[in-house]
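Novice: next comes the sequence, and after it the predicted model I'd like to discuss.
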Amino acid sequence: MTTENLIEPLRVGTVVKILNSGYRRAKIAEYRGPLGPKGARVYRVLIQKKPRCVYIEVREDQLEVLAGG
Amino acid sequence: MPSAALMHWQNDRTLRLDAVEAHCAAVGALLPPDPTFLNETLRGFVLHLSAHFQGFCRDLYTECSQIWIAALPVGLQATAQAQFFAELRLDKGNPSYDNIKRDFNRFGFLLDLQAAGAAGPQQVTDLGHLKAWRDRAAHQGTRPLGGGVPAVLTPPIVQGWRVSCGALAASLDDIMRTELDRIMGVPPW
């Protein structure tokens, strides 16, 4: 499911894919606020990556909610 | 117009700090005086102030990096985001001048808050003193604080640190607007 036209921010724990990236699965860890260009919503997402987890911050329009997420 | 991070500092964080400062003033006015409770309350003020300044710095870093990254081709954006947020000092570290410089220098310039105005050196010194007292309060430190750090907390001292944090926030916002304008050719906000 794309994130276009979302009214509320995505919830913490939602499973997402970061579009146009090599990261297949990530989880929303924190809603950081409207800190992107022109007030775009920004999230801190958790990527399960061996040997340790990685956090990155991305815009909402870069995310696709995965089924069951 | 300031950054979203500075607007949040001015419209939300400042109000929260106002409430904490008012609480300190009320404790300071107690009769009979309760110096122990006042000291505990001021230590709480120090922790709140440091936390909100860290939050502002982290918000501004996020805002600037997302503006910068949005100008890249879409295929490069996630990679750049991973690089911008790897080992970010402000993510877990305190908002010391050293940590702020290390993070913001990733934009390809050398941050110099001391040169931001006539009061810049004093504001940076105040930030260092705030950090020293933040560590003492958080870790229940008992060792003497050197380097000109006040030995005793008083309301005017913490209020002064707060004024310096506000000025540093405005300076950092202004510096990043100038630098992003230079890098990208358009004002970021």
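Specialist: Right, received. Where do you want to start? Numbering: from 1, shown residues only, chains lettered A, B, ... in the order given.

Novice: and the residue of chain A found nearest chain B, what's its pLDDT?
Specialist: Scanning chain A for the residue nearest chain B gives A:Ser21, at 3.3 Å (criterion: C-beta to the nearest C-beta). Just so you know, the C-beta spots here come from the backbone N, C-alpha and C atoms, and that holds for glycine as well. At A:Ser21, the predicted lDDT confidence score is 94.

Novice: for it, give me its contacts.
Specialist: Counting by C-beta atoms under 8 Å, 6 or more residues apart in numbering or on different chains, A:Ser21 touches A:62, B:77-79.

Novice: and the two most separated of the residues you listed?
Specialist: The span of those, defined through C-beta to C-beta, is set by A:Gln62 and B:Thr79 at 12.0 Å.

Novice: higher neighbour count, the two?
Specialist: Neighbours were tallied for A:Gln62 and for B:Thr79 using other C-beta atoms under 10 Å in any protein chain shown; the higher tally belongs to A:Gln62 (24 against 16).

Novice: do I have it right that that one meets B:Gly75?
Specialist: No: using C-beta atoms under 8 Å, A:Gln62 is not in contact with B:Gly75; the gap is 11.4 Å.

Novice: give me the common contacts of these two.
Specialist: A:Asn20.

Novice: which helix or which strand is home to B:Leu47?
Specialist: According to DSSP states H and E, B:Leu47 maps onto helix B:35-70.

Novice: mind listing what's buried in that helix?
Specialist: Neighbour-count burial for helix B:35-70, counted by 16 or more other C-beta atoms under 10 Å in any protein chain shown, picks out B:38, B:41-43, B:45-46, B:48-70.

Novice: what does stretch B:179-189 give?
Specialist: Of the residues in stretch B:179-189, those scored as buried under the neighbour-count criterion (16+ other C-beta under 10 Å) are B:179-180, B:183, B:188-189.

Novice: near chain B, which residues of chain A show up?
Specialist: Contact residues, chain A versus chain B (C-beta under 8 Å from any C-beta of the partner chain): A:18-23, A:32-37, A:39-40, A:42, A:54-59, A:62.

Novice: among the buried residues of helix B:35-70, which ones lie close to chain A?
Specialist: Taking C-beta under 8 Å from any C-beta, the overlap between the buried residues of helix B:35-70 and the neighbourhood of chain A is B:59, B:62-63, B:65-67, B:70.

Novice: hang on, A:Leu46 packs against A:Ala26?
Specialist: Yes: applying C-beta under 8 Å, one finds A:Leu46 in contact with A:Ala26, separated by 6.2 Å.

Novice: among those two, which residue is more densely surrounded?
Specialist: A:Ala26 (27 against 17).

Novice: give me the pLDDT for A:Gly69.
Specialist: A:Gly69 carries a pLDDT score of 57 in this model.

Novice: next structured bit after the helix or strand that contains B:Trp133?
Specialist: Using DSSP H and E, the element containing B:Trp133 is helix B:120-139. Stepping forward along the backbone from helix B:120-139, the first helix or strand reached (DSSP H and E) is helix B:155-184.

Novice: helices or strands next to the host helix or strand of B:Phe104 in the packing?
Specialist: Under the assignment given by DSSP H and E, the secondary-structure element containing B:Phe104 is helix B:97-104. Here helix B:97-104 touches helix B:35-70, helix B:89-92, helix B:120-139, helix B:155-184, going by 3 or more C-beta pairs under 8 Å, 6 or more residues apart in numbering or on different chains; DSSP states H and E.
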